[in-house]
Each structure stands twice: as structure tokens, then as C-alpha cells.
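Visitor: Need coordinates for the below:
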Amino acid sequence: MKICRCGGIPSVMKLLLKEGLLDGNCLTITGKTIGENLEEVAELAKGQQIIHNKNQPIRKSGHIQILYGNLAEEGAVAKITGKEGVLFKGPARVFEDEYSAIEGIRNAVQPGEVKVICNSGPKVDRVCPKC
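Guide: Presented below is the predicted three-dimensional model:
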């Protein structure tokens, strides 16, 4: 089931508001607050298995992990989606960017290989002059 079939982003926002994780008093471009905009939005579909509330997470820890090792001597950030487990072991296939990773995943990657994508993710290349 995809998120759009569960209720979509507005339903996720309604859940976040209900759980106190979103400030419903913020004014939006509609001229109404987030809370007002979400009043008529349906809650997440009953029985859906995609979006979990904070009391029933997929994992106890967050999905961002810091890695160190022979592939990341100075450290790296990994995004773990939730169901892979806590240990990765096997040959690594390293890609220099997102585009080569997509091509490699389509044509070369074998089950059990660890995929490493370099030069992807957030990058800070200048400092804000106001900071």
C-alpha cells in the first residue's frame, strides 16, 4: 500500500498534529493555520501498514546512522530504511553518484551486496552571511 492510499501527506500531517509533533497554530498561505487546514482532512486509513505512530515505530532508533570503517575512514551518514536489520555484511558495490547507482542497481548489483553511493545528500558549500 502506498502513502497516497493511506491518506497522503495531509493525513500524515494530521497524525503529527494529533501527536503534538506539529504546531497547528502556524499560519499558511491559505490564510488559515495548519490546524484549520487539517480539520476536514481524513485520518490515516484504518488498518494501513505504511505509516506508524511514535508509539509503534518500525525501529527503536532513527533511520540516520553514522558509519566509520574502511569505506568511510572520516565517517559517513547512512540512511537506513527500517527493515534491513542492524548488521550489514557482504561485498560492497561503490557508486560515485546517484545516477551511476541507479544504472548499477538496474544492471549489475547482486542480492546481498551492500550499496554505497558517494557524493550524494546534503552539501553545505557556503556559509550564510547572516550567521
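Visitor: Which residue ranges make up each domain of this protein?
Guide: As given by automatic domain parsing, the domain ranges for the chain are 1-56, 64-117.
Visitor: average pLDDT for the last one?
Guide: Right, domain 64-117. Averaging pLDDT along domain 64-117 yields 78.
Visitor: So what's the gap between that domain and the chain middle?
Guide: Averaging C-alpha positions (CA atoms, centre = their mean, to the nearest Å) puts domain 64-117 16 Å from its chain's average.
Visitor: Would you mind measuring the gap between the ends of that domain?
Guide: 15 Å (CA to CA, to the nearest Å).
Visitor: any idea which of the domains of the chain is most buried?
Guide: Greatest average neighbour count among the domains of the chain goes to domain 1-56 (a mean of 13), per mean count of other CB atoms under 10 Å. C-beta here means a position set from N, CA and C on the backbone, and glycine is covered the same way.
Visitor: pLDDT (mean, whole number) over that domain?
Guide: Mean predicted lDDT for domain 1-56 stands at 85.
Visitor: Numbering from 16 from now on, please.
Guide: All set: I'll call the first residue 16, so the last point we hit is now domain 16-71.
Visitor: Tell me which stretches of the chain form helices.
Guide: Here the chain has its helices, by DSSP state H, at 18-21, 23-33, 49-53, 113-122.
Visitor: Leu82: which of those is closest?
Guide: In terms of CB to CB, the element of the helices of the chain nearest to Leu82 is helix 113-122, at 16.7 Å.
Visitor: Mind giving me the packing neighbours of the longest strand along the chain?
Guide: For the chain, the strand with the greatest residue count under DSSP state E is strand 87-94. Judged by 3 or more CB pairs under 8 Å, 6 or more residues apart in numbering; DSSP states H and E, strand 87-94 is in contact with strand 79-84.
Visitor: and with 10 Å instead?
Guide: For strand 87-94, the packing partners by 3 or more CB pairs under 10 Å, 6 or more residues apart in numbering; DSSP states H and E come out as strand 79-84, strand 129-132.
Visitor: neighbouring contacts of the shortest one?
Guide: Looking back up the chat, that one is strand 129-132. The contact list for strand 129-132 (CB atoms under 10 Å, 6 or more residues apart in numbering) reads 82, 86-87, 91, 93-94, 99, 103-117, 119-120, 124.
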